[in-house]
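# coords please:
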Amino acid sequence: MKVLLTGFGPFGDVTYNPSWDAAQAAAEALAATAELMEVTREAARRSAQRITDYDLIFHFGVAARRDEVCFERYAHNWWA
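Reported below is the predicted structural model:
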C-alpha cells in the first residue's frame, strides 16, 4: 500500500506550520512518503494531479484557534 502523509507550509497569519513536522515524523515511523504542500491554489491544483498514485493520503494541518487534536471532514479556506 502506498501511503502519503502531507504537511503544509505557512499561510495567512500562521508563520510556522507544525503540520510538516508531524507529517515527517509519522511518515518515518510508518515507512510512508511525506510531502510538504505549499498553501496556494496553484499548488493545490498541481498536487491534485500528482497524488492520485497513492492508496491512502492523510493531510496533517493546523488550526490556530483550536486547543486539541481533531479531525476535519473537509478543508475550507476563508482567507484566500
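# surely L4 touches A32?
Yes: contact criterion Cβ atoms under 8 Å: L4 and A32 qualify, at 6.8 Å. To be clear about C-beta, it is placed using only N, CA and C from the backbone, and glycine gets the same treatment.
# for the nearest residue to E38 once chain neighbours are set aside, which residues are in contact?
Take E38 and drop its neighbours on the chain: the residue closest to it by Cβ to Cβ, 6 or more residues apart in numbering is G9, 5.2 Å away. Going by Cβ atoms under 8 Å, 6 or more residues apart in numbering, G9 touches 17, 20, 36-39.
# buried only: go through these for me.
Among the contacts of G9, those classed as buried by 16 or more other Cβ atoms under 10 Å are 17, 20, 37, 39.
# read off the pLDDT value for A75.
According to the prediction, A75 has pLDDT 63.
# likewise for the one 4 residues further on?
At W79, the pLDDT value in this model is 51.
# L5 and L36: what is the separation?
11 Å (Cβ to Cβ, to the nearest Å).
# anything in contact with each of those two?
A23.
# mind listing what's buried in stretch 30-37?
In stretch 30-37, counting by 16+ other Cβ under 10 Å, buried: 32-35, 37.
# next: stretch 60-70.
Neighbour counts over stretch 60-70 (16+ other Cβ under 10 Å) mark 60-62 as buried.
# may I see those residues arranged in TSV, with secondary structure, pLDDT and distance to D13 as well?
Listed next are the buried residues of stretch 60-70 as TSV, based on DSSP: H, G, I helix; E, B strand; the rest coil; pLDDT from 0 to 100; distance: Cβ to Cβ, whole Å:
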residue	secondary structure	pLDDT	distance to D13
F60	coil	88	19
G61	coil	84	15
V62	coil	82	11
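# helices and strands of this structure: which one bottoms out on pLDDT?
helix 41-50 (a mean of 77; mean pLDDT, DSSP states H and E).
# so after that one, what's the next helix or strand?
strand 56-59 (DSSP states H and E).
# quick one: mean pLDDT over that following strand.
Rounded mean pLDDT across strand 56-59 is 88.
# bridged to F8, which residues?
M37 (DSSP bridges).
# so who does it touch?
Contacts of F8 (Cβ under 8 Å, 6+ apart): 17, 19-20, 36-39, 59-62.
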